[in-house]
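# next input, structure requested:
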Amino acid sequence: MGLALSRSYNPQFTDADFYKCDTSTPIAIDVVIAALPDQLIQEGTFGKDRSGIRPDGTLEHDPVDGAEECLIVRLKVDDTLEPTWQIVRPGEDDGRAISATQRQRLGFFRVGEYIDLHLRWARASALAGMTENRSDATSVILDAQRKARQAVFDAPPHRASADC
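Coordinates of the predicted model:
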């Protein structure tokens, strides 16, 4: 799933990524995304490519009564090892290309080995990605830091126990 929603423009694939290194059968990963960001479901973007997902998990060509709107993102890699991403609809093999920038708007990020880098507000961190389009995020963060500092200063002094 992580590669299908990757923010990277061109992750590297090798023959070893294919089952038994057989590149004659393409890799195809479909991921269904609900709770869609408004900028991706406008008619000029992917508004006409929306599908529906019913509460039982079945997919429909169009979102109709009782079905939640969703997009189906397909990552496909063939023997050229060049990945392609598309928005597809149930029962269709081909779809519409989705760019790395548009995939980034879906809000997926992977926390890797360097978890301390992701759990701070720094360029390209997970927290920065979650708040990148919020103009009030900086003031909220500063306010939280100030309150935490004040709470430490206001706390009663800790006294060591004689039993230690």
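# and the gap between the residue nearest to the spatial centre of the chain and residue 143?
Nearest residue to the geometric centre of the chain (C-alpha atoms, centre = their mean): residue 108, 1.2 Å. Distance from residue 108 to residue 143, counting by C-beta to C-beta, to the nearest Å: 28 Å. Where you see a C-beta, it was placed from the backbone N, CA and C, and this is true even at glycine.
# ok, residue 45 next?
For residue 45, the distance to residue 143 - C-beta to C-beta - is 35 Å.
# which one's more surrounded, these two?
Between residue 45 and residue 143, counted using other C-beta atoms under 10 Å, residue 45 has the larger neighbour count: 18 against 11.
# next, count neighbours for residue 88.
Counted by other C-beta under 10 Å, the residues lying close to residue 88 total 20.
# could you do residue 83 as well?
Look at residue 83: counted by other C-beta under 10 Å, it has 20 neighbours.
# contacting residues for residue 159?
With contact set as C-beta atoms under 8 Å, 6 or more residues apart in numbering, residue 159 has no partners.
# where is the longest helix in the chain?
Counting by DSSP state H, the longest helix found in the chain is helix 137-154.
# how about the strands in this structure?
Using DSSP state E, the strands found in the chain span residues 27-33, 51-53, 59-60, 68-77, 83-88, 96-97.
# out of those strands, which gets nearest to residue 147?
Set against residue 147 and scored by C-beta to C-beta, the strands of the chain come closest in strand 27-33, at 35.3 Å.
# alpha carbons only: can I get the closest one in PDB?
C-alpha atoms of strand 27-33 as PDB (Å, rounded to 0.1, in the frame of the first residue of the first chain):
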ATOM      1  CA  ILE A  27       2.600  -5.900 -10.500                       C
ATOM      2  CA  ALA A  28      -0.800  -4.200  -9.900                       C
ATOM      3  CA  ILE A  29      -1.700  -2.800  -6.500                       C
ATOM      4  CA  ASP A  30      -5.100  -1.300  -6.000                       C
ATOM      5  CA  VAL A  31      -5.800   0.900  -2.900                       C
ATOM      6  CA  VAL A  32      -9.300   2.300  -2.100                       C
ATOM      7  CA  ILE A  33      -9.300   5.700  -0.500                       C
END
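# okay, buried residues for it please.
27, 29, 31, 33 (16 or more other C-beta atoms under 10 Å).
# looks like residue 36 contacts residue 72 (just checking).
No - applying C-beta atoms under 8 Å, one finds residue 36 not in contact with residue 72, separated by 11.5 Å.
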